[in-house]
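In: I would like to see how this sequence folds:
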Amino acid sequence: MTWIRTIPPAEADEELQRRYQAVYSLYPPEYGVEVPAVVDPATGASDSVVASHSLIPKAMEHALSTYGTLLSEELPLTRRQHEMIATLVSALNRCFY
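Out: Sure thing, here's the model as predicted:
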């Protein structure tokens, strides 16, 4: 789980809500599905890489919009290739994500 304070979409003010929507609109639909491995059984809340950037909404939108754009179906990489790259980078960084 994220160790820093985050602001989930349900608690976001209007500006942060707009930036969440801008980021999420770029991601493939399957990225919107809840992943059980990142749900905290004690709270029922899910961990979120996007929410971990919520304290600086402008930076969140710019950084994660870049990632969302790189996931475009118009680009030559497949979803499988995206996941392999993300897994390798996370493992090298010793990151749960």
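In: secondary structure element holding residue 66?
Out: For residue 66, the host element (DSSP states H and E) is helix 57-70.
In: may I see the buried residues of that helix?
Out: By 16 or more other CB atoms under 10 Å, the buried positions in helix 57-70 come out as 57, 60, 61, 64, 65, 68. In short, each C-beta sits where N, CA and C put it, glycine included.
In: can you pull out the strands in the protein?
Out: Using DSSP state E, the chain contains no strands.
In: any low-confidence regions in the protein?
Out: For the chain, the stretches with pLDDT under 70 are 1-2, 47, 96-97.
In: contacts for stretch 13-23 next, please.
Out: Here stretch 13-23 makes contact (CB atoms under 8 Å, 6 or more residues apart in numbering) with 7, 9, 12, 50, 54, 57, 58, 60, 61, 64, 65, 68.
In: tabulate the buried residues of helix 57-70 (TSV), appending distance to residue 89.
Out: Formatted as TSV, the buried residues of helix 57-70 follow (distance: CB to CB, whole Å):
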residue	distance to residue 89
57	24
60	19
61	21
64	15
65	19
68	16
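In: nearest to residue 82, out of these: which one, please.
Out: For the buried residues of helix 57-70, the closest approach to residue 82 (CB to CB) belongs to residue 68, at 11.4 Å.
In: tell me which residues touch that closest one, please.
Out: 23, 24, 25, 26, 27.
In: equivalent analysis for residue 73, please.
Out: Applying CB under 8 Å, 6+ apart, we find residue 73 in contact with residue 28.
In: how about the helices in the protein?
Out: Ranges of helices in the chain, per DSSP state H, are 14-24, 57-70, 79-92.
In: Serialize those to a markdown table and add fields for distance to residue 32.
Out: Supplementary listing: these in a markdown table, determined by distance: least, CB to CB, whole Å:
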| stretch | distance to residue 32 |
| --- | --- |
| helix 14-24 | 7 |
| helix 57-70 | 12 |
| helix 79-92 | 14 |
